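# predicted model and sequence follow; I will ask about them next.
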Amino acid sequence: MSETERDYEVGRGKPPVRSRFQQGSVRQPARTAPEKLAGAAGRRVTQLVNKSTCVDLRATKMLIDMLKDAGRRPA
């Protein structure tokens with residue numbers, strides 16, 4: 001069957017042959033908002049840890065405060 005011939009009508013859930021998902025290619029799932037926030041928070045914490053190891057007192061205080069807050073939250 002050629003691309004111009006089809007045995008069904010194109011519509012929702014029935015894409016044209018030329019634009020269908022190609023066999024063997026992999027799609028990455030979309031990230032949810034909590035996953036995006038967790039990633040951003042992780043980068044911020046990592047930056048604070050790196051700065052606090054370089055004797056940045058402000059970063060060290062912020063890191064300690066964050067660790068205290070995390071310890072108070074229920075799991």
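Received the coordinates, thanks.
# once you drop chain neighbours, what's closest to Gln47?
Ala59 (8.0 Å; C-beta to C-beta, 6 or more residues apart in numbering). (Each C-beta comes from the backbone N, C-alpha and C, glycine too.)
# per-residue pLDDT, the one you found?
Per-residue confidence at Ala59 stands at 85 (pLDDT).
# just the one 3 residues further on next, same as before
Residue-level confidence at Met62 comes out at 84, pLDDT.
# please export the C-alpha coordinates of the one helix or strand it maps to as CSV.
Take DSSP states H and E as the rule and Met62 turns out to sit in helix 57-72. Extracted in CSV, the C-alpha atoms of helix 57-72 (Å, rounded to 0.1, in the frame of the first residue of the first chain):
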residue,chain,number,x,y,z
LEU,A,57,29.7,31.4,55.2
ARG,A,58,26.5,32.7,53.7
ALA,A,59,26.1,29.5,51.6
THR,A,60,27.0,27.4,54.6
LYS,A,61,24.3,29.0,56.7
MET,A,62,21.7,28.6,54.0
LEU,A,63,22.6,24.9,53.6
ILE,A,64,22.4,24.3,57.3
ASP,A,65,19.0,26.0,57.5
MET,A,66,17.7,23.9,54.6
LEU,A,67,18.9,20.7,56.3
LYS,A,68,17.1,21.7,59.5
ASP,A,69,13.9,22.4,57.6
ALA,A,70,14.2,19.1,55.8
GLY,A,71,14.6,17.3,59.1
ARG,A,72,11.4,18.9,60.5
